[in-house]
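[1] how does the following fold in three dimensions:
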Amino acid sequence: FEALCAGAQRDAEEWRNRSEQLEARLQHHQAADDDTLAALREQAAAAEAALAAATADAEDLREQFSQFRTTNEAMMEAKDAEVLALVRKHAKLHEELQAAREQERATAQLLQ
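    Here you go, the predicted model:
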């Protein structure tokens, strides 16, 4: 009977040791998982901050591009108007030159 009790006690002690070892391993893995989770949360927060900054930069660039386009279109319209005025002035000067040449020819013919 004592041998059975001693064997049962040894078995119980072995099971207790195994149980404690398993609990220690479980706690170690849980702590490692908690550390990993905390690191991942920090990375996610940093990524969200970077995304917010990139989104703000993109919006600023869109606004700057829109302003540039508006300014560019206004400048193009002003230059178009300036070119049109110069073409009309050229045409008028050309007509005046033709008229002056014709008048000069007519005067030259009268003097002959």
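[2] alpha carbons only for contacts and neighbour counts from here, please
    Fine.
[3] in which helix or strand does Ala78 reside?
    Assigned by DSSP states H and E, Ala78 falls within helix 2-111.
[4] and that helix, average pLDDT?
    Mean pLDDT, helix 2-111: 93.
[5] elements contacting it?
    Packing partners of helix 2-111 (3 or more C-alpha pairs under 8 Å, 6 or more residues apart in numbering; DSSP states H and E): none among the helices and strands.
[6] for it, what is the distance to the chain centroid?
    Between the centre of helix 2-111 and the centre of its chain there are 0 Å (C-alpha atoms, centre = their mean, to the nearest Å).
[7] measure Leu40 to Ala47 for me?
    10 Å (C-alpha to C-alpha, to the nearest Å).
[8] next: Ala99.
    76 Å.
[9] repeat for Leu26
    The value you get for Leu26 to Ala47, if C-alpha to C-alpha is used, is 31 Å.
[10] tally of neighbours for Met75?
    12 (other C-alpha atoms under 10 Å).
[11] also Gln112?
    Based on other C-alpha under 10 Å, the number of other residues close to Gln112 is 5.
[12] same check, this time on Val83
    12.
[13] how far away is it from Thr71?
    18 Å.
[14] how about Ala49?
    Taken as C-alpha to C-alpha, the span from Ala49 to Thr71 is 33 Å.
[15] how about Asp11?
    88 Å.
[16] try Leu97
    From Leu97 to Thr71 the distance is 39 Å (C-alpha to C-alpha).
[17] now Ala39
    48 Å.
[18] same deal with Gln30?
    When Gln30 is compared with Thr71 (using C-alpha to C-alpha), they lie 61 Å apart.
[19] cool, and Glu14?
    84 Å.
[20] now do His90
    28 Å.
[21] same check, this time on Ala47
    36 Å.
[22] just Glu59 next, same as before
    18 Å.
[23] same question, Gln21
    In terms of C-alpha to C-alpha, Gln21 sits 74 Å off from Thr71.
[24] can you check Glu13 too?
    Applying C-alpha to C-alpha to Glu13 and Thr71 gives a distance of 86 Å.
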